[in-house]
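Student: Next one to model:
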Amino acid sequence: MEVGQSKEEFVTWNDKYLTGIPLVDEEHKKLVELCNNLHGRLLANQSRKDWQADIKSALDTCVAYAANHFRDEEKLMRSAHFEGYAHHRTEHDDFERRVRSMLWSYGGMTVADALKFTIFLRDWVLSHIAHEDKLYIPKLLEYLKSKGSSSEN
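Tutor: Numbering: from 1, shown residues only. I've put the predicted structure just below:
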């Protein structure tokens, strides 16, 4: 299912989150999809063992995917000499610490704890994309234009 297709999704992708950098936009859409998948699976009537396996899998995926995405963003920011890099990196580090903390304690989580985590994940991803990431867009687009491309791989 494409991000934003269902009215029942927990997080609906909106074009206001687009950065104009294809690599970053695709990665952001994937983060939104991860939120939706986790939330949907938690709401399904599953046994305790199943939802705990889901939260563990989702947290593992989130940690790995966020690290990859953050690495890509940070590489672009450094290449473009974005002045707000240090602050942005701190935001990424704080997020990773929070998710790793949840991963370490998932065994003692209740369904309510897991749902609170999905709310945290949704709120962080959307506010980070809508605010923090928008701060680097002009500088990165200028850099990419000077390099003759709209993304960096």
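
Student: C-alpha from now on. contacts and neighbour counts both.
Tutor: Fine.

Student: Nearest to the spatial middle of the protein, which residue is it?
Tutor: Centrality entry for the chain: nearest residue to the mean C-alpha point is residue 31, 3.9 Å, by C-alpha atoms, centre = their mean.

Student: which residue sits closest to that one, ignoring its sequence neighbours?
Tutor: residue 125 (7.3 Å; C-alpha to C-alpha, 6 or more residues apart in numbering).

Student: thinking again about what came up before, could you list every residue that touches the residue nearest to the centre of the chain?
Tutor: Shown in contact with residue 31 (C-alpha atoms under 8 Å, 6 or more residues apart in numbering): 62, 65-66, 125.

Student: Reformat the residues you listed as CSV; add pLDDT, neighbour count and distance to residue 76.
Tutor: Below are the contacts of residue 31 laid out as CSV (pLDDT from 0 to 100; neighbours: other C-alpha atoms under 10 Å; distance: C-alpha to C-alpha, whole Å):
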residue, pLDDT, neighbour count, distance to residue 76
62, 78, 20, 21
65, 86, 16, 17
66, 85, 20, 15
125, 87, 17, 19
